[in-house]
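*Asks:* below is the structure, and that's it, no one-letter string:
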Ligand SMILES: NC(=O)C1=CN([C@@H]2O[C@H](COP(=O)(O)OP(=O)(O)OC[C@H]3O[C@@H](n4cnc5c(N)ncnc54)[C@H](O)[C@@H]3O)[C@@H](O)[C@H]2O)C=CC1
Ligand SMILES: CC(=O)C(=O)O
Ligand SMILES: [Mg+2]
């Protein structure tokens with residue numbers, strides 16, 4: 001794809017040439033001196049607490065990671081429903097991010113369904129009802145003209161933001177600002193899967209009104225009660241937002257998520273800003289990766305594939321376009337590749353003679369239906385006799401038993417991917433897919449389904465969810481400091497993911513690697529994305545061009561936030577401060593179950609309290625209350 005900017009000529013210190021409407025400078029954001037949520041870790045040693053000024057702000061015991069995890073898991077187990085578990089995990093993330101991310105990283109398979117799809121869907125539906133504390137930034141249409149100033153209120157440096165206007169949240173429709181759960185959930189996965197530091201992420205929700213009248217009339221709804229702004233108004237707002245974000249953080253990566261019609265913004269910004277659309281591009285990439293592995297297993301060559309897609313929206317068209325690219329790479333012409341697809345939307349088969357079509361559907365519109373309008377999915381399946389059935393329609397149960405049986409009659413290994421989220425919108429369950437295709441189908445779904453015992457074997461469903469790629473796409477863009485996210489970077493993320501299966505995963509016919517290996521997988525995806533950025537010359541971290549893959553993987557790993565090593569990091573900062581050798585063993589209070597009780601620990605605590613005495617008045621208290629007492633020993637806190 002042609003790039004409008006060639007970054008190789010740009011100096012590494014130069015920000016990308018963004019469109020700036022206002023070129024004035026702002027005062028730096030007000031600095032707060034609150035310890036971060038990452039600092040209240042009950043595994044922190046006594047000396048670390050003093051150093052971080054959290055001493056006395058957590059219970060006295062220094063805990064091991066295992067003790068912490070046992071408590072959290074017991075609390076989670078006692079919660080009666082997924083939404084209650086979601087709420088507990090939100091509190092944990094906001095009060096002690098290190099513990100939250102340790103728990104999540106160590107239990108990705110078990111906890112992802114609670115912080116992401118399907119539970120995040122319910123959380124969004126109830127966002128205003130359950131609201132407890134702020135977790136990101138809200139920009140309202142009434143702030144238009146002032147977005148630069150509002151953005152200054154965010155207190156941290158940001159490397160990546162996920163932005164939604166809430167207008168198409170999963171398959172649940174327009175949820176207005178209640179959609180904030182999606183950026184929060186996606187960014188938690190950025191941290192857990194690709195190691196982007198939690199403080200460097202910005203969940204962003206736009207309040208551009210909502211077309212959801214029920215929500216506008218809900219007394220508890222926390223967004224504005226205006227109807228959705230027009231497309232022109234939205235474009236002007238987004239222009240200002242893109243400029244304001246990039247002015248404040250010149251290297252920021254901006255991920256668009258769950259917009260009802262995201263094609264115009266992708267087209268408008270993709271060559272000018274470091275941005276991508278997860279629903280079109282991330283979904284396209286993740287499904288392509290699973291598809292590449294499914295094709296290998298089905299044995300049907302590209303030229304003989306016939307794909308029926310239920311759903312011709314951002315995800316449907318995004319996935320079909322990525323697969324077209326794959327078919328072209330496999331030797332088909334673009335026209336041959338395009339003709340392997342039959343898209344079906346709420347009006348039936350997408351065909352030129354059907355009447356006016358939305359722009360994004362034109363590329364795949366059929367002209368060989370000989371005047372016949374195919375209305376139902378079953379009619380299209382009978383007509384096309386597909387090898388592949390994809391669901392991106394938001395219609396739960398649309399892959400009926402009859403349709404699944406037909407897929408199995410027509411194919412030895414039918415590809416059946418019900419990809420709509422959350423689980424209630426999945427076009428079929430794993431159980432039904434296996435039952436009605438008699439175990440023949442190659443399966444992946446957008447939301448997780450449990451392992452199934454069938455014919456004496458345990459069958460593990462693939463999860464075709466963009467969470468396998470967006471963390472690596474974002475991390476790759478951040479580390480390469482790319483000026484844009486090119487189509488080749490997206491395609492590379494799919495190729496990299498498709499190669500990430502281990503031999504025993506291949507032997508078990510899996511289409512995606514085990515989700516528990518997501519951090520390793522994200523390194524592979526990140527590397528692929530960086531290499532593609534280099535080929536396209538959109539990278540600005542030019543030194544990375546000269547290192548081999550192994551060294552690049554190490555470079556990526558070293559830059560990943562590792563919640564298990566946070567204690568060690570703080571200890572090393574302290575060691576530097578007091579001039580003693582840094583910990584080389586990776587040991588820290590509690591990290592290896594020592595719970596900070598032993599003799600060496602006490603000696604270290606003493607050494608630090610000698611070297612860095614605890615102030616008589618903790619900074620936190622002084623700054624919050626305007627404490628005016630003097631001297632290390634005393635005074636009464638008083639408010640100004
Ligand atoms: N597995 C994954 O990683 C991802 C899954 N998705 C899921 O895909 C679904 C669609 O997302 P988008 O394409 O962004 O939404 P969209 O609103 O852009 O598209 C929905 C499409 O479904 C069609 N549709 C609606 N009702 C239908 C019916 N009764 N029969 C046939 N088609 C019908 C619409 O006409 C439209 O073409 C959502 O449930 C979303 O959660 C989206 C992105 C990633
Ligand atoms: C997974 C996702 O991005 C969606 O369902 O919209
Ligand atoms: Mg999405």
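*Replies:* Nice, thanks for sending it over. Worth saying up front: this structure is predicted, and the values here are computed from it rather than measured. Ligands and ions are numbered 1, 2, ... in the order given.

*Asks:* let's verify residue 328: helix, strand, or coil?
*Replies:* Under DSSP: H, G, I helix; E, B strand; the rest coil, residue 328 falls in the helix class.

*Asks:* surely it and residue 335 touch.
*Replies:* No. Using C-beta atoms under 8 Å, residue 328 is not in contact with residue 335, being 10.0 Å away. In short, each C-beta sits where N, CA and C put it, glycine included.

*Asks:* ok, these two, which is more surrounded?
*Replies:* When residue 328 and residue 335 are compared for neighbours, residue 328 comes out ahead with 16 against 8, by other C-beta atoms under 10 Å.

*Asks:* OK, contacts around the residue in the stretch 1-150 of the chain positioned nearest to ligand 2?
*Replies:* Nearest to ligand 2 in the stretch 1-150 of the chain, going by C-beta to the nearest ligand atom, is residue 117, at a distance of 5.9 Å. Listed by C-beta atoms under 8 Å, 6 or more residues apart in numbering, the contact set of residue 117 reads 170, 421, 422, 423, 446, 447, 448, 465.

*Asks:* can you pick the most crowded of those residues?
*Replies:* residue 446 (29 neighbours).

*Asks:* does residue 242 belong to a helix, a strand or coil?
*Replies:* helix.

*Asks:* got a pLDDT number for residue 12?
*Replies:* Note for residue 12: predicted pLDDT of 36.

*Asks:* cool, and the one 10 residues further on?
*Replies:* According to the model's per-residue confidence, residue 22 sits at a pLDDT of 36.

*Asks:* any idea how far residue 75 is from the residue nearest to residue 172 when sequence neighbours are not counted?
*Replies:* Setting aside the residues directly before and after it, residue 172 is nearest to residue 121 in space (C-beta to C-beta, 6 or more residues apart in numbering), at 5.5 Å. The spacing between residue 121 and residue 75, counted by C-beta to C-beta, to the nearest Å, is 23 Å.

*Asks:* higher neighbour count, these two?
*Replies:* The residue with more neighbours, out of residue 121 and residue 75, is residue 121; 24 against 14, by other C-beta under 10 Å.

*Asks:* now residue 240, nearest residue through space, not along the chain?
*Replies:* residue 147 (5.1 Å).

*Asks:* tell me the phi and psi of that neighbour?
*Replies:* phi -60, psi -30 (degrees, to the nearest 10).

*Asks:* tally of neighbours for it?
*Replies:* 22.

*Asks:* how are the strands of the stretch 201-350 of the chain distributed by residue range?
*Replies:* With DSSP state E, counting those that start in this stretch as the criterion, the stretch 201-350 of the chain has strands at 201-207, 253-256, 275-277, 307-310, 341-345, 348-349.

*Asks:* including mean neighbour count and distance to ligand 1, could those strands go into JSON lines?
*Replies:* Output for the strands of the stretch 201-350 of the chain, formatted as JSON lines (neighbours: other C-beta atoms under 10 Å; distance: least, C-beta to the nearest ligand atom, whole Å):
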{"stretch": "strand 201-207", "mean neighbour count": "24", "distance to ligand 1": "17"}
{"stretch": "strand 253-256", "mean neighbour count": "26", "distance to ligand 1": "11"}
{"stretch": "strand 275-277", "mean neighbour count": "26", "distance to ligand 1": "10"}
{"stretch": "strand 307-310", "mean neighbour count": "26", "distance to ligand 1": "5"}
{"stretch": "strand 341-345", "mean neighbour count": "24", "distance to ligand 1": "3"}
{"stretch": "strand 348-349", "mean neighbour count": "20", "distance to ligand 1": "8"}
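
*Asks:* residue contacts, the residue nearest to residue 172?
*Replies:* So residue 121 contacts 169, 170, 172, 421, 422, 424 (C-beta under 8 Å, 6+ apart).

*Asks:* for ligand 2, what's its nearest residue on this protein.
*Replies:* Taking C-beta to the nearest ligand atom, the chain has residue 421 as its residue nearest ligand 2, at 3.7 Å.

*Asks:* now do the same for that residue: helix, strand or coil?
*Replies:* Assignment for residue 421 (three-state DSSP): coil.

*Asks:* dump the residue contacts of it.
*Replies:* 117, 118, 121, 170, 171, 446, 447, 465.

*Asks:* so which of the residues you listed are in helices?
*Replies:* residue 121 (DSSP state H).

*Asks:* from the contacts of residue 421, which single one is nearest residue 271?
*Replies:* Residue 271 has its nearest neighbour among the contacts of residue 421 in residue 465, at 27.4 Å by C-beta to C-beta.

*Asks:* where does the stretch 1-150 of the chain get nearest to ligand 3, residue-wise?
*Replies:* residue 117 (8.9 Å; C-beta to the ion).

*Asks:* now that residue: phi and psi?
*Replies:* Per degrees, to the nearest 10, the backbone of residue 117 is at phi -70, psi 130.

*Asks:* and the next element down the chain from the strand or helix carrying residue 67?
*Replies:* Using DSSP states H and E, the element containing residue 67 is helix 65-78. Toward the C-terminus, helix 65-78 is succeeded by helix 82-95 as the next helix or strand (DSSP H and E).

*Asks:* residues contacting that following helix, please?
*Replies:* Contacts for helix 82-95 (C-beta under 8 Å, 6+ apart): 37, 40, 72, 75-76, 79, 99-101, 103-104, 111, 113-115, 118-120, 122-123, 126, 130, 132-133, 135, 184, 188, 198.

*Asks:* picking that back up, residue 340: which of the contacts of residue 117 is nearest?
*Replies:* For the contacts of residue 117, the minimum distance to residue 340 (C-beta to C-beta) is 22.0 Å, reached by residue 446.

*Asks:* which of the contacts of helix 82-95 fall in strands?
*Replies:* Assigned to strands by DSSP state E, none of the contacts of helix 82-95 qualify.

*Asks:* just the buried residues from those, in ChimeraX please.
*Replies:* With 16 or more other C-beta atoms under 10 Å as the criterion, this ChimeraX line picks the buried residues out of the contacts of helix 82-95:
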select :37,40,72,76,99,100,101,103,104,111,113,114,115,118,119,120,122,123,126,130,135,184,188,198
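
*Asks:* contacts with ligand 1 among the contacts of residue 421, please.
*Replies:* 170, 171, 446, 465 (C-beta under 6 Å from any ligand atom).

*Asks:* residues in contact with residue 549?
*Replies:* residue 527.

*Asks:* what's the pLDDT at it?
*Replies:* Predicted confidence (pLDDT) for residue 549: 98.

*Asks:* do the same with the one 10 residues further on
*Replies:* Per-residue pLDDT puts residue 559 at 97.

*Asks:* equivalent analysis for residue 257, please.
*Replies:* 98.

*Asks:* partner residues bridging the residue nearest to it when sequence neighbours are not counted?
*Replies:* Leaving aside its sequence neighbours, residue 257 sits nearest to residue 164 (C-beta to C-beta, 6+ apart; 4.7 Å). For residue 164, the beta-bridge partners are residue 205 (DSSP bridges).

*Asks:* burial of residue 164, as a residue count?
*Replies:* Neighbours of residue 164 using other C-beta under 10 Å come to 28.

*Asks:* my guess is it contacts residue 260. True?
*Replies:* No. The criterion here is C-beta under 8 Å, and residue 164 misses it with residue 260 at 10.2 Å.

*Asks:* from the stretch 401-550 of the chain, which residue is nearest to ligand 1?
*Replies:* Nearest residue of the stretch 401-550 of the chain to ligand 1: residue 446, at 2.9 Å (C-beta to the nearest ligand atom).

*Asks:* surely that residue touches residue 462?
*Replies:* No. Applying C-beta under 8 Å as the test, residue 446 and residue 462 come out as separate, 10.5 Å apart.
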